[in-house]
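>>> Could you work out the structure for the sequence below:
(one chain, ligands or ions: 1)
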Amino acid sequence: MRSFKEFQLDEACELLREPKNTLVIFHVRPDADAIGSAFALKLVLEAMGSKTLCTCESEIPSRLAFLTEKHQRSARFDNIDRSFEFERVVTVDTASPSQLGTLYPYFEGKIDLMIDHHSNCTKYADNYIRADYAASGEIIFEITTRLQEMGALGEIPRDAYDLIYAALSSDTGCFKYSNVSSHTHLCAAELIKAGIDAAEINHRLFDCKSEKMLAAEAVGFQNIHFYNNRKIAAVLFPYELKEKLELEDEHLETLVDIARAVDGVKIAMSVRQSTAYRSFRISLRSSCAFDVSVVAKHFGGGGHTKAAACTIEADSIEFATRLVVDEIMRYWGKF
Ligand SMILES: [Mn+2]
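Model (predicted):
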């Protein structure tokens with residue numbers, strides 16, 4: 001793979017300030033950092049005269065639609081305006097080509113700037129990466145502020161502040177994970193100073209769960225398995241359960257949090273089977289020094305030290321779980 005240019009902040013801003021039709025792409029199974037960062041960037045680019053569309057392989061999960069519904073009817077690539085002739089492509093929060101899903105073959109070699117904060121990302125374009133930031137939203141805030149200092153951007157669109165705050169809050173678990181730095185709080189402070197309703201955004205992100213999500217959690221709680229003296233916990237959610245309860249993938253996203261909440265658990269995981277096919281989505285969380293991204297990477301996935309994910313093909317959900325637990329045990333005590 002050819003080597004890509006590592007931009008400094010000002011170079012990234014110079015690239016972005018030029019008015020051009022822009023496509024902002026974010027990762028598959030998007031979270032509020034991906035969505036908030038992409039849509040904040042869209043509003044900022046539009047304020048500088050660039051027509052901009054945001055897109056992703058999949059649709060915005062319905063629980064996060066409140067972030068985007070005012071700004072774009074749909075972000076799903078199949079639904080965006082095909083007559084839109086983009087002159088610039090930017091990805092945000094997307095750590096590897098595989099995170100672009102089915103869009104990658106289409107955009108390979110056409111991406112002008114990759115904006116990301118994942119320390120172990122696979123670079124696939126010229127990039128501006130801040131692995132010291134908790135969220136891509138922190139980078140978008142920095143870029144936005146710099147563009148304003150450069151005189152390229154007038155007033156920052158009010159909605160961009162809400163979106164950036166949602167991005168920060170989401171990737172930090174409401175400012176409580178170990179990735180939070182004073183810089184994260186300083187960004188949040190500026191956003192609060194600008195008048196955002198932080199309580200409302202946090203309520204929508206963390207306190208509201210659909211009945212289907214709660215139903216998944218209730219059943220998930222009955223399906224926790226423990227390993228290594230209960231230091232590892234896994235919630236198994238097979239397809240039969242998903243079908244029986246008429247759940248969508250987005251209802252299963254918080255299952256890993258149940259395992260994580262159990263006292264004494266150091267590594268939590270959820271193992272979700274979204275179709276009848278023998279493919280299992282694994283989410284991993286660490287509450288200790290153990291770097292779960294190493295395990296995710298072993299299975300072709302990625303993420304951060306404390307939160308990572310991958311997909312495994314296996315003959316059964318139990319076997320998929322066993323493969324991951326064995327891989328965790330291979331590194332146990334090494335961090
Ligand atoms: Mn992120």
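>>> So the nearest residue to Lys51 once chain neighbours are set aside versus Asn223, what's the distance?
Leaving aside its sequence neighbours, Lys51 sits nearest to Asn21 (C-beta to C-beta, 6 or more residues apart in numbering; 4.9 Å). Placement of C-beta: from N, CA and C, glycine included. As judged by C-beta to C-beta, to the nearest Å, Asn21 and Asn223 stand 48 Å apart.
>>> quick one: contacts of the host helix or strand of Ala12?
Element membership of Ala12, judged by DSSP states H and E, is helix 9-17. Residues outside helix 9-17 that contact it (C-beta atoms under 8 Å, 6 or more residues apart in numbering): 7, 41, 45, 48, 88, 90, 112-113, 115, 128, 142-143, 146-147, 150, 152-153.
>>> For stretch 19-32, list every residue counted as buried.
20, 22-32 (16 or more other C-beta atoms under 10 Å).
>>> swap in stretch 126-134?
126-130, 133-134.
>>> Rebuild the residues you listed as JSON lines, extending it with pLDDT, secondary structure and distance to Ile192.
Converted to JSON lines, the buried residues of stretch 126-134 look like this (pLDDT from 0 to 100; DSSP: H, G, I helix; E, B strand; the rest coil; distance: C-beta to C-beta, whole Å):
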{"residue": "Asp126", "pLDDT": "98", "secondary structure": "coil", "distance to Ile192": "33"}
{"residue": "Asn127", "pLDDT": "98", "secondary structure": "strand", "distance to Ile192": "30"}
{"residue": "Tyr128", "pLDDT": "98", "secondary structure": "strand", "distance to Ile192": "25"}
{"residue": "Ile129", "pLDDT": "98", "secondary structure": "strand", "distance to Ile192": "27"}
{"residue": "Arg130", "pLDDT": "97", "secondary structure": "coil", "distance to Ile192": "22"}
{"residue": "Tyr133", "pLDDT": "97", "secondary structure": "coil", "distance to Ile192": "18"}
{"residue": "Ala134", "pLDDT": "97", "secondary structure": "coil", "distance to Ile192": "16"}
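>>> Which helix or strand lies directly C-terminal to the helix or strand encompassing Arg260?
Following DSSP H and E, one finds Arg260 within helix 255-261. Downstream of helix 255-261, the first helix or strand assigned by DSSP H and E is strand 267-272.
>>> and the next element down the chain from that following strand?
Going down the chain from strand 267-272, the next helix or strand is strand 279-286, by DSSP H and E.
>>> Centre of the chain to that following strand, how far?
Here strand 279-286 is found 14 Å from its chain centre; the criterion is C-alpha atoms, centre = their mean, to the nearest Å.
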